[in-house]
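> have a look at this prediction, sequence included:
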Amino acid sequence: LQRLRARLARSDNPLSKAMLTLLSGKQLDEETWEDFEDTLLTADLGVGPTTQLTERLRQRFTVDGVTDPEQARNILREELLTLIGPDSDRSINTAGEPGVVMVVGVNGTGKTTTVGKLARVLVAEDADVLLGAADTFRAAAAEQLATWGERVGVPTVRGEEAADPASVAFEAVKVGKENGVDVVLIDTAGRLHTKTGLMDELGKVKRVIERQAPVSEVLLVIDATTGQNGLTQARIFSEVVDVTGVVLTKLDGSAKGGIIVQIQNELGVPVKLVGLGEGADDLAPFDPEMFVDALLD
Ligand code: GDP
């Protein structure tokens, strides 16, 4: 988290840069607001939130005639937090016998890695965890998940090659239930062939799991470095399954962070976890206050 803080606060981070312009004590003329808007767009904030934020700030700064940097900072903090949805529940719901967490998203976004990291977090909290390799389309996917399982010390249920993903998910939850496991994490396939195909597939996986136990959480994994594209894909997923939370991966890379605001605004789903690297410990709860403070540092 310290690393994320440092990166967001860097002056070459556009989101941070935009905020600093308003804190610089500079005359807030037309040009400044235009630049501010442009910079927010560069930061992946999206058109809607950019316009909304600029309008709100412009109004508040003009009406209140803000000159005091501390007051300016508080206004920015307030408005940014409002955009991110400060009151959202960001805990991972693992309630159930067992709790079932489905992890969905486009291939390459970091699904399997996230399942591994999340297993590690849950194990550290003394939970009994089982992994289900329901991504049966990519030959290497189950292998990769099982390797994560070994690394964090939890078993993995795998199917035969090219097995029906729903049957593997069903089997995993069944085994979990029979063995009194606390949480079953299901890794799913992320082929974006057609929306109908995806809907049928993920819908079926969920329905079949729910013959054994309710799915307590559906986490959508989004790669923060893919910007607008990632968001379009995310929208499709959120239309086909009931997503309850987002995991934003690769925030350690070149991502600009503004995508967090867009996800909240466009999908209406809270970012619950952030991925900050490829290692087992590189997963952190998303903390809006820390995020905003880092931008305003
Ligand atoms: P999947 O196809 O969605 O299951 O994606 P994988 O879990 O296989 O991850 C794809 C690549 O992204 C791998 O090389 C991961 O190590 C990498 N990756 C996943 N999460 C992160 C992250 O938070 N930061 C960075 N830098 N790399 C990540």
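Thanks, I have it.
> quick one, what contacts the nearest residue to residue 88 once chain neighbours are set aside?
Spatial nearest neighbour of residue 88, excluding adjacent residues (Cβ to Cβ, 6 or more residues apart in numbering): residue 270 at 3.6 Å. Glycine gets a C-beta too; all of them are placed from N, C-alpha and C. Neighbour list for residue 270: 85, 88-90, 245-246, 264, 286 [criterion: Cβ atoms under 8 Å, 6 or more residues apart in numbering].
> partners of the closest residue to the ligand within the stretch 151-297 of the chain in the sheet?
At 2.5 Å from the ligand, residue 275 is the closest residue in the stretch 151-297 of the chain, using Cβ to the nearest ligand atom. Using DSSP bridges, the beta-bridge partners of residue 275 come out as residue 283.
> measure it to residue 281 for me?
11 Å (Cβ to Cβ, to the nearest Å).
> please apply the same query to residue 2.
13 Å.
> hey, what's in contact with both of the two?
With Cβ under 8 Å, 6+ apart, residue 2 and residue 281 have no common neighbours.
> so which of these two has more stuff around it?
Taking other Cβ atoms under 10 Å, residue 2 and residue 281 do not tie; residue 281 has more neighbours (11 against 8).
> which residues of the stretch 1-150 of the chain lie near the ligand?
105, 107-113 (Cβ under 6 Å from any ligand atom).
> report the buried members of the residues you listed.
Buried by 16 or more other Cβ atoms under 10 Å: 105, 109-113, out of these.
> centre of the chain to stretch 256-269, how far?
9 Å (Cα atoms, centre = their mean, to the nearest Å).
> next one, pLDDT for residue 143 please.
In the prediction, the pLDDT value recorded for residue 143 is 94.
> any low-confidence regions in this protein?
Along the chain, the model assigns pLDDT under 70 to residues 1, 3, 7, 9-12, 192-195, 254-255.
> backbone phi and psi for the residue sitting nearest the centre point of it, please?
The residue lying closest to the centre of the chain (Cα atoms, centre = their mean) is residue 247, at 2.3 Å. Note on residue 247: its backbone torsions stand at phi -110, psi 120 [degrees, to the nearest 10].
> again with residue 176
With angles defined as degrees, to the nearest 10, residue 176 sits at phi -60, psi -40.
> give the contact list for it.
So residue 176 contacts 98, 100, 130, 183-184, 213 (Cβ under 8 Å, 6+ apart).
> ok, residue 91 next?
residue 272.
> run a quick neighbour tally on the nearest residue to residue 85 once chain neighbours are set aside.
Spatial nearest neighbour of residue 85, excluding adjacent residues (Cβ to Cβ, 6+ apart): residue 264 at 4.8 Å. By the criterion of other Cβ under 10 Å, residue 264 has 19 neighbours.
> return the distance of residue 264 relative to residue 23.
23 Å.
> likewise for residue 100?
Taking Cβ to Cβ, one finds residue 100 at 45 Å from residue 23.
> correct me, but the residue of the stretch 151-297 of the chain closest to the ligand touches residue 117?
Yes: contact criterion Cβ atoms under 8 Å: residue 275 and residue 117 qualify, at 7.2 Å.
> now the common contact residues for those two.
The contact lists of residue 275 and residue 117 share 282-283, where a contact means Cβ under 8 Å, 6+ apart.
> longest helix in the protein, please.
helix 47-64 (DSSP state H).
> ok, and what's touching that one?
Contacts of helix 47-64 (Cβ under 8 Å, 6+ apart): 22, 28, 33, 36-37, 40-41, 45, 66, 71-72, 75-76, 79-80, 83, 261-262, 265-266.
> which positions in it come out as buried?
49-50, 52-54, 57-58, 60-61.
> do stretch 127-140 as well
Those would be 127-137, for stretch 127-140 by 16+ other Cβ under 10 Å.
> tell me where the stretch 51-200 of the chain has helices.
69-84, 111-124, 139-152, 165-178, 195-209 (DSSP state H, counting those that start in this stretch).
> for the first one, packing partners?
In other words, helix 69-84. helix 14-23, helix 47-64, helix 259-262, helix 288-296 (3 or more Cβ pairs under 8 Å, 6 or more residues apart in numbering; DSSP states H and E).
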